[in-house]
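Student: only geometry, no sequence info:
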């Protein structure tokens, strides 16, 4: 939960680096919340309203953490646009975000892993 709230606190921060754990915990929490909201919507009978509002609310934090994750692997945030390429783009983006951090500092800042427990 702290990883999710940490991303929300950096609401529109697009510089710096994000650890792999921070990114994937945010993704996992978003999937869980989306599934729960979809179940609630189907029970109540309001398809897409709650999950659509939630998706809109976390859009900027999701873009921000994705860009910071790409920075952690020493890639420009512009690589996020590769997701617009059908199928192949999403696979490439998953591979990029699953890679380990670049050791030491890079042009986007110091390694967020250094000095923090795993």
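Tutor: Ah, there it is. Predicted model, so just to flag it, every value in this text is computed and none were measured.

Student: centre of the chain versus the lowest-mean-pLDDT helix or strand in the chain, how much separation?
Tutor: Within the chain, no helix or strand scores below helix 2-9, which has a mean of 88 by mean pLDDT, DSSP states H and E. Helix 2-9 sits 11 Å away from the centroid of its parent chain (C-alpha atoms, centre = their mean, to the nearest Å).

Student: what's next to that helix, contact-wise?
Tutor: Contacts to helix 2-9, defined as C-beta atoms under 8 Å, 6 or more residues apart in numbering, come from residues 18, 21-22, 25-26, 29, 58, 61, 64-65. All C-beta atoms are positioned from the backbone trio N, CA, C, and that covers glycine.

Student: what's the most distant pair in these?
Tutor: Using C-beta to C-beta, the contacts of helix 2-9 reach their maximum pairwise distance at 21 and 58, which is 18.1 Å.

Student: Those two - which one has more neighbours?
Tutor: Comparing residue 21 with residue 58 by neighbour count (other C-beta atoms under 10 Å), the higher total belongs to residue 58, at 20 against 13.

Student: Please report phi then psi for residue 35.
Tutor: Main-chain dihedrals, residue 35, degrees, to the nearest 10: phi -60, psi -50.

Student: One more: residue 106?
Tutor: Note on residue 106: backbone dihedrals following degrees, to the nearest 10 are phi -130, psi -170.

Student: residues contacting it?
Tutor: Neighbour list for residue 106: 17, 71, 74 [criterion: C-beta under 8 Å, 6+ apart].

Student: now it, which residues is it bridged with?
Tutor: Beta bridges link residue 106 to residue 109, judged by DSSP bridges.

Student: separation between it and residue 96?
Tutor: Taking C-beta to C-beta, to the nearest Å as the measure, residue 106 falls 14 Å from residue 96.

Student: List the buried residues of stretch 74-81.
Tutor: Across stretch 74-81, burial judged by 16 or more other C-beta atoms under 10 Å covers 75, 77, 79-80.

Student: My error: substitute stretch 28-38 in the last question.
Tutor: Here stretch 28-38 shows 29-30, 33, 37 as buried, counting by 16+ other C-beta under 10 Å.
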